[in-house]
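1. Quick one, fold the following:
(2 chains)
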Amino acid sequence: DAGVIQSPRHEVTEMGQEVTLRCKPISGHDYLFWYRQTMMRGLELLIYFNNNVPIDDSGMPEDRFSAKMPNASFSTLKIQPSEPRDSAVYFCASSFDRIGADEQYFGPGTRLTVT
Amino acid sequence: ILNVEQSPQSLHVQEGDSTNFTCSFPSSNFYALHWYRWETAKSPEALFVMTLNGDEKKKGRISATLNTKEGYSYLYIKGSQPEDSATYLCALSGSARQLTFGSGTQLTVLP
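-> Now for the predicted structure:
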């Protein structure tokens, strides 16, 4: 398996523009997670899905952020409109459905810069 | 809410030295404790997952222990090598599947 795939790897956009980040989890994994990494807050969970259903989106910073998982092999994280404070590295991770002990496999991340 | 503290924040050691760092947590109300290794410009990579008090895991020169009664986990690296340089993250998984990460220990191994 190629592992978790994320695209694009780098994104530079202007404030106010819509940004869409994409993730393909490892085949057969039941859980998909979106994380954001910043210097100030470290690695924080934004939202996660189980069997394509959003379970907990309490980490999503505000209404400008939305995430979808239309099928088991694809998820998107959208920011509209983007702001400079959204600049960060966004990671997608996936895991098997084992009770609480399953390790997560991270994608390479998308480095977002909003100017 | 799971609280995860890691120390030290950063660490420099000489090649060949053995080292260890700590993950502490005030509550034993979690399913598993995870250790991840995060190299610069790469993504976090799972090292160990531990669930039971007294668990010990080993992978090559790296090992980890878990003490849920006193609320800590240690990660040990024996005979550090420059390629061990990375940030080591500790995380707890609670009743849901999400991980709560500590801020990490940044290890630099000097040749």
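2. what about stretch B:102-111, how long is it end to end?
-> This stretch, stretch B:102-111, spans 28 Å end to end (C-alpha to C-alpha, to the nearest Å).
3. How far does it sit from its chain's centre?
-> Remark: stretch B:102-111 is offset 11 Å from the chain centroid, using C-alpha atoms, centre = their mean, to the nearest Å.
4. Tell me where chain A has strands.
-> Using DSSP state E, the strands of chain A run over A:5-7, A:10-13, A:19-24, A:31-38, A:42-50, A:53-56, A:65-71, A:74-79, A:88-95, A:105-106, A:110-114.
5. ok, and does the fourth one reach over to chain B?
-> I take that to be strand A:31-38. Yes: residues of strand A:31-38 contacting chain B under C-beta under 8 Å from any C-beta of the partner chain: A:Tyr31, A:Phe33. In this view, the C-beta of every residue, glycine as well, is placed from N, C-alpha and C.
6. pLDDT weak spots in chain A?
-> Along chain A, the parts satisfying pLDDT under 70 run over A:1, A:97-101.
7. For it, which residues are neighbours of chain B?
-> Counting by C-beta under 8 Å from any C-beta, the residues of chain A near chain B are A:31, A:33, A:42-45, A:48, A:50, A:55-56, A:91, A:93, A:95, A:99-109.
8. sorry, back to before: Throw the strands of chain A into a markdown table and include mean neighbour count and distance to B:Lys59, thanks.
-> Shown next, in a markdown table, are the strands of chain A (neighbours: other C-beta atoms under 10 Å in any protein chain shown; distance: least, C-beta to C-beta, whole Å):
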| stretch | mean neighbour count | distance to B:Lys59 |
| --- | --- | --- |
| strand A:5-7 | 17 | 25 |
| strand A:10-13 | 14 | 32 |
| strand A:19-24 | 19 | 27 |
| strand A:31-38 | 22 | 23 |
| strand A:42-50 | 21 | 21 |
| strand A:53-56 | 14 | 30 |
| strand A:65-71 | 15 | 32 |
| strand A:74-79 | 19 | 30 |
| strand A:88-95 | 24 | 19 |
| strand A:105-106 | 22 | 16 |
| strand A:110-114 | 18 | 29 |
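9. what's the burial count for A:Pro8?
-> Look at A:Pro8: counted by other C-beta atoms under 10 Å in any protein chain shown, it has 13 neighbours.
10. Tell me the spacing between it and chain B.
-> 15 Å (C-beta to the nearest C-beta, to the nearest Å).
11. ok, that residue to A:Val19 distance?
-> 10 Å (C-beta to C-beta, to the nearest Å).
12. Ok, A:Asp57 next?
-> 18 Å.
13. do A:Thr13 as well
-> From A:Thr13 over to A:Val19 (counting by C-beta to C-beta), the distance is 6 Å.
14. quick one: secondary structure of the closest residue to B:Cys23 other than its chain neighbours?
-> In this structure, B:Cys23 finds its nearest non-sequential neighbour in B:Cys90, 3.3 Å apart by C-beta to C-beta, 6 or more residues apart in numbering or on different chains. Following DSSP: H, G, I helix; E, B strand; the rest coil, the label given to B:Cys90 is strand.
15. Could you tell me which ranges of chain B sit under the pLDDT cut-off?
-> For chain B, the ranges with pLDDT under 70 are B:1-2, B:95-96.
16. Tell me the residues of it that contact chain A?
-> B:30-32, B:34, B:42-46, B:49, B:51, B:89, B:93-104.
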